[in-house]
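sequence first, then the predicted structure:
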Amino acid sequence: NCNVKKSLEILDELIDESPQHAEPYRIKSQTLHYSDSFEIEAIREATLLFGRLVKDQKRKSREKSRHRKNRLPKIGFVSAHFQTHPVGYMTAGFFCECQKFSELADVKVFALKHHDDFVAKTIQNCGVDYHNLDGLSDSEAERKIRGINLDLVVDLDGLSAGNRISLLLKKLAPIMVKWVGGLNGSMWLPEYDYLISDRYQTPEASLQDYSEEVIILEESYVTYTPPPFKIDVLEPPHTVNKFITFGCLNKATKISPTCMATWAKILNRIPESRLFLKDKAYEDALAIEEVKHLAREVGIDPQRIIFKGRSGIKAHIEAIRETDICLDPMPYSGGLSTLEAILVGVPVITLPGRLLAHRHSASHLTVIGHSELVAQSPEDYVEKAIKLAKDPDRILAYRHLLRNDLYQSPLLNHHAFCADLLNKLVDLIR
């Protein structure tokens, strides 16, 4: 449902009717990150209630084993999304470098679902110890992982859809770390000891919003592996259309009332402009009508909005080129979508918020050296978008600048990133 407020109301009804069912609490904890009026305590409460319901209450607490100094630390990464998915794109480069640090740690990959796309094959064939757990029950997967005697496990799914949190909460290693993948903010669950971030996503003032100890990486919390096919950078569409096209190729659920109201201020100041929205949700007439309703309420003529549904990966990235400027949604920002826009030279205007999920784009843009696209307030967001829309030379310059800056940035320096992350994880063990 594109309407987060309505979704939360329905979830609360489900919880009132069946308080013993865990799934509504999980969905609520995640949905609150998309809300204009979220409360940290409400996220924490829903997550903890979910955790209590999915834990195996009969499980005996296991004594923490100590790392034996005469062997390499064993570190396991667990996910169902080692594929063409944000988890895959943002970890593949790291895994490809791990073999160069084989004297530092023994890295294991545990795939809860097996995939065969180009990202999946990259990870499977890069030299790390890959374990296919697809089809195994929680108890079978637990036995296999425990048999390896890990010192530290890294969860790459969190509470996102398709997770196997019931398996992770069995505490498969003495230390559990949260990294990319459903990385909205704190996990709040006591089984999680640490969380990986960077100083742009997690400023020092926000450390109080985490139950885990936050490990701040040197440059960025991830790297990015672009797709292996050629995608040309094209001239901005306004050169042909004679009007500015703003775009958002994020999930429809990220378009909050505050977000649409902010976009209305931009569109009303650039009268001939259009808004291009692309997501699989827009294959549903009800979802389109929901967004149109939101637009009408803030004074946007729905005729100015172009809707497009899902497409293949290459076609999706190529579609970003149909926009002159991308408008990052709020409060929940883009992540992979921002990196894909940068890849084709399209600038993204973003407004970071309080939660980690509200700051992904701010991190990526700052790391590539374009913090001028990061707004400091809603008013600044509007002014940055309008100023850029009125500067066709600058839009054109970004087309030829952003991809190069991405490639020269820490986001593609997989070797340095791998050294930083592995050393920090090994330090936790030792």
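Received the coordinates, thanks. Residues are numbered from 1 along each chain as shown.

residue ranges for the helices of the stretch 1-150 of the chain, please.
4-17, 23-31, 40-54, 86-97, 118-124, 138-146 (DSSP state H, counting those that start in this stretch).

pretty sure Leu195 sits against Val177.
Yes - between Leu195 and Val177 there is a contact at 7.0 Å, judged by CB atoms under 8 Å. In short, each C-beta sits where N, CA and C put it, glycine included.

which residues do these two both contact?
The contact sets of Leu195 and Val177 overlap at Ile215 (CB atoms under 8 Å, 6 or more residues apart in numbering).

out of the helices of the stretch 1-150 of the chain, which is the most enclosed?
Across those, the average number of neighbours (mean count of other CB atoms under 10 Å) peaks for helix 86-97, which reaches a mean of 24.

list of residues touching that one?
Against helix 86-97 from outside (CB under 8 Å, 6+ apart): 77, 79, 81-82, 107, 109, 119-120, 122-123, 126-128, 156-157, 180-181, 222-225, 335-336, 339, 412, 414-415, 417-419, 421.

same question, stretch 352-370
Under CB under 8 Å, 6+ apart, the answer for stretch 352-370 is 33, 38, 183-186, 197-198, 200-202, 206, 209, 219-221, 328, 330-335, 338-339, 342, 347-348, 350, 371, 373-374, 402, 405-406, 409-411.

could the helices of the stretch 1-150 of the chain go into TSV alongside distance to Ile300?
Listed next are the helices of the stretch 1-150 of the chain as TSV, based on distance: least, CB to CB, whole Å:
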stretch	distance to Ile300
helix 4-17	19
helix 23-31	24
helix 40-54	30
helix 86-97	29
helix 118-124	37
helix 138-146	47
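
which one of those lies closest to Glu290?
Among those, the nearest to Glu290 by CB to CB is helix 4-17 (9.0 Å).

the closest one to helix 40-54, inter-axis angle?
Relative orientation of helix 4-17 versus helix 40-54 (axes from the mean of the first three to the mean of the last three CA atoms, to 10 degrees): 40 degrees.

mind giving me the packing neighbours of helix 4-17?
If you count contacts as 3 or more CB pairs under 8 Å, 6 or more residues apart in numbering; DSSP states H and E, helix 4-17 packs onto helix 23-31.

helices and strands around the helix it packs on, which ones?
Checking 3+ CB pairs under 8 Å, 6+ apart, helix 23-31 ends up next to helix 4-17, helix 40-54.

mind putting those into CSV with distance to Arg269 and mean pLDDT?
Output for those, formatted as CSV (distance: least, CB to CB, whole Å; pLDDT from 0 to 100):
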stretch, distance to Arg269, mean pLDDT
helix 4-17, 26, 93
helix 40-54, 34, 95
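
for Cys248, find the nearest of the ones you listed.
So among the helices and strands packed on helix 23-31, helix 4-17 is nearest, using CB to CB, at 15.6 Å.

and that closest one, how far from the chain's centre?
24 Å (CA atoms, centre = their mean, to the nearest Å).

ok, and what's touching that helix?
With CB under 8 Å, 6+ apart, helix 4-17 has contacts from 1, 21, 24-25, 27-28, 31-32, 34-36, 253, 256-257.

can you do 7 Å?
Asn1, Pro24, Tyr25, Ile27, Lys28, Thr31, Tyr34, Ser35, Thr253, Ser256 (CB atoms under 7 Å, 6 or more residues apart in numbering).

before we move on, the earlier item: now, of the contacts of helix 86-97, which are buried?
When the contacts of helix 86-97 are checked for burial by 16 or more other CB atoms under 10 Å, the buried set is 77, 79, 81-82, 107, 109, 119-120, 122-123, 126, 128, 156-157, 180-181, 222-225, 335-336, 339, 414, 417-419, 421.

just these: which are in strands?
Phe77, Ser79, Val107, Val109 (DSSP state E).

JSON lines for the residues you listed, including distance to Glu283?
Converted to JSON lines, those look like this (distance: CB to CB, whole Å):
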{"residue": "Phe77", "distance to Glu283": "33"}
{"residue": "Ser79", "distance to Glu283": "27"}
{"residue": "Val107", "distance to Glu283": "39"}
{"residue": "Val109", "distance to Glu283": "33"}
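
ok, so of those residues, who is nearest Ala264?
For those, the nearest to Ala264 is Ser79 (38.4 Å; CB to CB).

which non-adjacent residue is nearest that closest one?
Once flanking residues are discounted, Ser79 sits nearest to Leu156: 3.7 Å by CB to CB, 6 or more residues apart in numbering.

would you map the strands across the stretch 201-350 of the chain?
Remark: strands assigned in the stretch 201-350 of the chain by DSSP state E, counting those that start in this stretch are 213-216, 245-248, 274-278, 305-308, 325-327, 348-349.
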